[in-house]
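[1] Kindly generate the corresponding structure for this input.
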Amino acid sequence: MKRKLLLAALVSVAAASMAHADIKVGVLVSATGPAASLGIPEKNTIALLPKTVAGQKIDYIVLDDGSDTTKAVTDTKKLISEDKVDAIMGSSITPNSLAMVDVVGAAKTPMISMAASEQIIAPMDANRRWVFKVPQNDSLMADAIAAHMSKAGIKTVAFIGFSDAYGEGWWKVFSKSAAANHLKIVDSERFNRTDTSVTGQVLKIISAHPDAVLVAGAGTPSALPEVALREQGYKGTIYQTHGVANNDFLRVGGKDVEGTWLPAGPVLVAAQLPASNPIKKVALDYVKRYEKAYGAGSVSTFGAHAWDAGRLLDNAIPVALKKGKPGTEQFRAALRDALENTKNFVGAHGIFTMTPTNHNGMDQRARVMVKIVNGKWKLEQ
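    Have a look, this model is predicted:
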């Protein structure tokens with residue numbers, strides 16, 4: 001009799017434990033390597049996310065992929081097979097995120113990427129069905145750049161981008177945007193994230209005499225072509241992508257990046273947004289939380305991507321809990337479905353409305369044009 005009672009007690013304890021199992025979220029960031037200026041603020045932001053949602057504790061398992069694609073894949077497999085995560089946030093950069101797509105798809109584990117390229121979520125297929133993305137699509141930002149160039153009277157432009165999926169993705173979308181805005185691309189160059197010199201590429205660009213140059217890179221490595229262009233005497237207008245929207249880029253570029261134009265998420269200039277902007281309140285809240293934890297002026301748009309990813313999960317979790325328990329295939333599937341059905345969710349970067357064919361869900365409200373003036377970000381009025 002005693003043995004039966006003991007067995008019943010153990011079963012009861014085990015059942016209670018399963019009922020209250022923690023939600024596990026794997027987080028993959030590029031906190032070291034060339035993309036560290038993206039990954040560090042993302043990693044910092046994870047500490048600011050709520051640790052309990054709908055009565056369920058959330059455990060964040062944070063790994064650093066070192067900006068390396070192979071390690072990103074290895075770490076993703078570890079998070080899924082060993083840590084049994086319910087969802088994954090990451091990685092920080094496009095090549096790593098693209099490499100993770102097939103892994104999470106095969107494991108039927110929802111993933112929210114913090115990298116920008118639209119290739120991460122499109123075209124939709126069986127694996128991308130499990131993948132979502134919080135940064136603005138590069139096509140949305142490319143359209144803003146091309147339209148701004150056209151309005152400024154620019155006729156010719158040169159392109160220099162990363163020699164990886166990020167750069168190639170930008171080449172593809174900007175070529176279309178440039179054609180639609182009657183801009184002639186007179187030269188196209190590439191460089192590596194780890195390069196220390198781009199003199200050859202810059203000399204080719206200058207010899208093409210473009211009115212403007214677009215640098216399609218992310219983080220501090222994007223400053224290299226711009227610094228080189230100025231050192232070689234280029235006087236035209238230089239544009240960057242939203243991949244440089246943090247203070248580390250300003251620090252590395254110094255005076256050479258003065259006058260640079262770029263599209264960015266509203267959070268970069270949250271305090272300068274008009275009161276009527278629907279994103280301002282959420283963006284300012286994130287800025288306040290981050291700077292309280294890490295110091296005045298420390299906030300980064302990349303950290304805000306982690307904030308939006310985390311809050312989207314928080315929004316989806318209560319819905320998913322009605323259909324499955326954490327740690328189960330049913331819960332992961334329900335979490336994926338809940339993310340896909342997100343409507344009018346206001347984040348620090350924009351307003352998310354997902355659909356079965358659009359796992360980003362942002363529109364023009366997620367971008368503003370910004371200029372670097374006196375070493376600071378200035379919103380175009």
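
[2] only C-alpha atoms for contact and neighbour calcs from this point on.
    Will do.

[3] tell me the SS of the nearest residue to Ala218 once chain neighbours are set aside?
    Spatial nearest neighbour of Ala218, excluding adjacent residues (CA to CA, 6 or more residues apart in numbering): Gly243 at 4.0 Å. Three-state assignment for Gly243 (DSSP: H, G, I helix; E, B strand; the rest coil): helix.

[4] likewise Val62?
    The local conformation at Val62, judged by three-state DSSP, is strand.

[5] on that earlier part again, how much space between the residue nearest to Ala218 and Gly375?
    Distance, Gly243 to Gly375, by CA to CA, to the nearest Å: 17 Å.

[6] Which one of those two is surrounded by more residues?
    Neighbours were counted for Gly243 and for Gly375 using other CA atoms under 10 Å; Gly243 has more, 26 against 17.

[7] Is that one in contact with Gly217, as I believe?
    Yes - here Gly243 lies in contact with Gly217, judged by CA atoms under 8 Å, at a distance of 6.3 Å.

[8] could you say what helices and strands the helix or strand encompassing Leu140 packs with?
    Assigned by DSSP states H and E, Leu140 belongs to helix 138-151. When contacts are defined as 3 or more CA pairs under 8 Å, 6 or more residues apart in numbering; DSSP states H and E, helix 138-151 sits against helix 165-180, strand 261-264.

[9] Below-threshold pLDDT in the stretch 1-150 of the chain: ranges please.
    1-20 (pLDDT under 70).

[10] Spatially central, which residue of the protein would that be?
    Met114 (3.0 Å; CA atoms, centre = their mean).

[11] how about that residue, what does it touch?
    89-93, 133-135, 302, 305-306, 309 (CA atoms under 8 Å, 6 or more residues apart in numbering).

[12] Distance of Thr342 relative to Asn358?
    Counting by CA to CA, the gap from Thr342 to Asn358 is 11 Å.

[13] Phe249 now?
    30 Å.

[14] same deal with Ile61?
    With CA to CA as the criterion, Ile61 and Asn358 are 27 Å apart.

[15] what distance separates the lengthiest helix in the chain from the middle of the whole chain?
    The longest helix of the chain (DSSP state H) is helix 301-321. The chain centroid and the centroid of helix 301-321 are separated by 13 Å, computed with CA atoms, centre = their mean, to the nearest Å.

[16] Quick check: next helix or strand after that helix?
    With DSSP H and E, the next secondary element past helix 301-321 is helix 329-340.

[17] what residues does that next one touch?
    With CA under 8 Å, 6+ apart as the criterion, helix 329-340 contacts 86-87, 108-110, 130, 312-313, 316-317, 319-321, 323-326, 354-356, 359.

[18] Buried only: go through these for me.
    Neighbour-count burial (16 or more other CA atoms under 10 Å) applied to these gives 86-87, 108-110, 130, 312-313, 316-317, 319-321, 324-326, 354, 359.

[19] ok so, going back, so which of the contacts of Met114 is the closest to Met124?
    Closest approach between the contacts of Met114 and Met124, by CA to CA: Lys133, at 12.7 Å.

[20] does that closest one really touch Ala122, like I thought?
    No - look at Lys133 against Ala122 with CA under 8 Å: they stay out of range, at 10.5 Å.

[21] So between those two, which is more surrounded?
    Set Lys133 next to Ala122 and count neighbours by other CA under 10 Å: Lys133 wins out with 27 against 16.

[22] Tell me the spacing between the more buried one and Arg332.
    For Lys133, the distance to Arg332 equals 17 Å [CA to CA].

[23] what's in contact with the helix holding Leu140?
    Counting by CA under 8 Å, 6+ apart, 116-118, 155, 169-170, 173-174, 177-178, 181-183, 239, 241-242, 262-264, 363-364, 367, 369 sit against helix 138-151.

[24] One more pass at 7 Å, please.
    Helix 138-151 is touched from outside by 116-118, 170, 173-174, 177-178, 181, 263, with contacts defined as CA atoms under 7 Å, 6 or more residues apart in numbering.

[25] Having no further points to raise, I will conclude here.
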